[in-house]
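Participant: Need a 3D model of the following:
(one chain, ligands or ions: 1)
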Amino acid sequence: MRTDETASTCARVAIAPGIENKSVRARAAVLAEELGLPFIGSDLPSAETPELLLVVGERRLELREAGRGSMGPIFVDFVRGPVGFRRRSGQSRRQPIGLAVGLPRGPLTVVDATAGLAQDSFLLASLGCTVIAVERSPVLGALIRDGLRRARAEGSPEAVAVVGRITFIAADARNVLARMTGTTAPEVVYIDPMYPPKKKTALPKKEMRICRRLVGDDRDAGELLMIARQVATRRVVVKRHPYAAPLAPRPTIQFSGKKVRYDVYPPVGYRLPRLRC
Ligand SMILES: C[S@@+](CC[C@H](N)C(=O)[O-])C[C@H]1O[C@@H](n2cnc3c(N)ncnc32)[C@H](O)[C@@H]1O
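Facilitator: Sure thing, here's the model as predicted:
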């Protein structure tokens, strides 16, 4: 779990096998070791009950709320479900997110600095971008890796090609971006922070609620934007709720949809072209 000062109240997570099966149990134990999280077997201890469980199943990894009356599981599925559907139904590069990253001008390298459940990463990759998806929550990172693995194994050739354009890095994007200089600098950095609290994102409500319990609020989003503007060679795009104030003053362009707005910032040092009268 994230322990730095930027994390607010984060839920306790433990790893559990989803079924009684030797190999599933072994995989769960390995994952618990890798992520440094408690492994609780199939019997939940009555004391110290975790709030969230990362459940290792035969087929997939799921995040569940512990306890009765909990909502359905969260998992990353790039092949089926709403994300897969968006790819199958064909996405226009002229939709707001495509225009915001500057797509109609050609394929781009985008760092998705706040990958979450990688839905926006997948959308950008399905529009033709090469995406470096960065997520600092180890639990969400495990879900993304699992989704990518299953898409490669079970997806259609098109879905495999889309996930082939996504590279996942489990880290704080501030550190990843700080190391990207010269030829490794991305053209675009995309930021969708968990802030302010009522902001809508690509995630449906259930995912959003659990993610917030898992990672807290991204109070350092302003710093991430500053670093991103020093690294991106073309632009930085920040996703916001339509009525939320911009993360930093004076975005140069805004693209609004019904549920989200994309604020575009130029790289630091960029000069606006002089307008001819
Ligand atoms: C609102 S969610 C993003 C949802 C995502 N756009 C999607 O489509 O699934 C914000 C995520 O950004 C992550 N995040 C925030 N700041 C970060 C940083 N500096 N480095 C890496 N991940 C970060 C949080 O952990 C959280 O999972």
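Participant: Give me every residue in the protein lying close to the ligand.
Facilitator: 113-114, 116-120, 134-137, 140, 172-174, 192-194, 201-203, 211, 215, 218, 224 (CB under 6 Å from any ligand atom). Every residue, glycine included, has its C-beta placed from N, CA and C.
Participant: Going through those residues, which ones are buried?
Facilitator: 113-114, 116-120, 134-137, 140, 172-174, 192-194, 201-203, 211, 215, 218, 224 (16 or more other CB atoms under 10 Å).
Participant: Please narrow these to those residing in strands.
Facilitator: V134, E135 (DSSP state E).
Participant: From A161, how far off is the residue nearest to R136 when sequence neighbours are not counted?
Facilitator: Spatial nearest neighbour of R136, excluding adjacent residues (CB to CB, 6 or more residues apart in numbering): D172 at 4.6 Å. For D172, the distance to A161 equals 29 Å [CB to CB, to the nearest Å].
Participant: what sits against the nearest residue to R212 once chain neighbours are set aside?
Facilitator: Of all residues not flanking R212 in the chain, M194 sits nearest, at 6.0 Å (CB to CB, 6+ apart). By CB atoms under 8 Å, 6 or more residues apart in numbering, the residues touching M194 are T114, G116, T201, C211, R212, V215, G216, D217, D218.
Participant: show me where the stretch 151-277 of the chain has strands.
Facilitator: All strands of the stretch 151-277 of the chain, identified by DSSP state E, counting those that start in this stretch, fall at 166-170, 188-191, 235-240, 253-256, 261-265.
Participant: can you check the stretch 1-150 of the chain too?
Facilitator: Going by DSSP E, counting those that start in this stretch, the stretch 1-150 of the chain shows strands at 13-17, 52-56, 61-65, 109-112, 130-135.
Participant: export those strands to a markdown table and tack on mean pLDDT?
Facilitator: Output for those, formatted as a markdown table (pLDDT from 0 to 100):
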| stretch | mean pLDDT |
| --- | --- |
| strand 13-17 | 91 |
| strand 52-56 | 93 |
| strand 61-65 | 93 |
| strand 109-112 | 98 |
| strand 130-135 | 98 |
